[in-house]
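A.B. asks: starting from these lines, generate the structure:
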Amino acid sequence: MGFLLAGIGAILFSAKAIVVKLTYRYGVDALTIIGFRMMLSLPFFAVIGLMQARQARRGRLPRLTGKESLQIVFLGFIGYYLSSYLDFLGLQYITAGLERLILFLSPTFVLLITALYLKRPIAARQWFALGMAYLGVVLVFLQDLSLSGSNVMLGSVFVLASALTYSLYIISSGELIKRVGATRLVAYAMSVSAVVSMAHFLSVHSWEGLRQPLPVYELSLLHAIVNTVAPTFMIMWAVARIGAPMTSQLGLLGPVSVLFLAGWILGEPITSLQLAGTAFVLAGAVVLGRRRAER
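C.D. replies: Numbering: from 1, shown residues only. Here you go, the predicted model:
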């Protein structure tokens, strides 16, 4: 069950790029996509958050301190609002396959940031893994550049910024999740992100922004439930059953699944250069994953 949850969760998380691409066909912008996504997923996370808060009031969970509450607000802002918004901006200009590969550089950012600030040395094998991962992204980037033009650079910068902000979220949540708990942290952070996303959306588009074609609502509901709520808890339950290292390894199914889903649903080309680039990125992730498991 743990393997199944981790695999399906990784595929569903990654497939959000396909849904976002389909939603863009109806003339909406990135802010509308993230606003609708968080508006429709908020009820699920709010209910779970209220259940967790009730347990804390009854003494079954430790109460949050003021510092921990501020940390959760920060994590909700940077991890699920800012990172997602930058990601969706980038998807306007690049293919779903390249977007997923760039996001998969997050573990390398985590490694580099922790090495810089925590003074942890990077082993030779890790440098080799970093080189493979970045070489793979460069190969797919060059492929997209030849097919889609100069906007690929702009889109790649947005998604790269998304991967960086998500890495900061991962690093910042490391100690907090031990004290607060995974379920409560996810529910609270996602609720904060939803409120911020909806406030941003309404401040720009007002209530008129809710007047969208029915397919936008249908795709947004799919995005909220299938690509946000369900995989969030699938990954969490998988970690509880088989551990974080193995769950991370099964996350490699994400970029591979998006490559073929994008070719099937969106008609994006699958070339030998893309396959080679994907193989390099996945190989780098495997090496880094084994290093984490050993440590």
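A.B. asks: point out where the stretch 1-150 of the chain drops to low pLDDT.
C.D. replies: Under the criterion pLDDT under 70, the flagged ranges of the stretch 1-150 of the chain are 118, 146-150.
A.B. asks: let's see that with 90 instead.
C.D. replies: 1-4, 6-7, 9-10, 13-14, 56-63, 79-80, 94-150 (pLDDT under 90).
A.B. asks: show me the helices in it, by range?
C.D. replies: Ranges of helices within the stretch 1-150 of the chain are 2-14, 16-24, 30-57, 66-75, 83-90, 96-103, 106-117, 124-148, based on DSSP state H, counting those that start in this stretch.
A.B. asks: most tightly packed of those?
C.D. replies: helix 96-103 (a mean of 28; mean count of other CB atoms under 10 Å). (Glycine included, C-beta is placed from N, CA and C.)
A.B. asks: for it, which helices and strands make contact with it?
C.D. replies: helix 16-24, helix 83-90, helix 124-148, helix 151-180, helix 253-261, helix 272-294 (3 or more CB pairs under 8 Å, 6 or more residues apart in numbering; DSSP states H and E).
A.B. asks: let's see it at 7 Å
C.D. replies: Packed against helix 96-103 by the contact rule (3 or more CB pairs under 7 Å, 6 or more residues apart in numbering; DSSP states H and E) you find helix 16-24, helix 124-148, helix 151-180, helix 253-261, helix 272-294.
A.B. asks: what sits up against that helix?
C.D. replies: Outside helix 96-103, the residues that touch it by CB atoms under 7 Å, 6 or more residues apart in numbering are 14, 17-18, 21, 87, 90-91, 136-137, 140-141, 144, 156, 159-160, 162-163, 254-255, 258-259, 262, 266, 268, 274, 277-278, 281.
A.B. asks: hmm, back to that, out of the helices of the stretch 1-150 of the chain, which comes closest to residue 227?
C.D. replies: Between residue 227 and these, the shortest gap by CB to CB is with helix 16-24, which sits at 3.8 Å.
A.B. asks: got a list of what the most far-flung residue of the chain relative to its centre touches?
C.D. replies: For the chain, the residue at maximal distance from the C-alpha centroid (CA atoms, centre = their mean) is residue 58, at 33.2 Å. If you count contacts by CB under 7 Å, 6+ apart, residue 58 has none.
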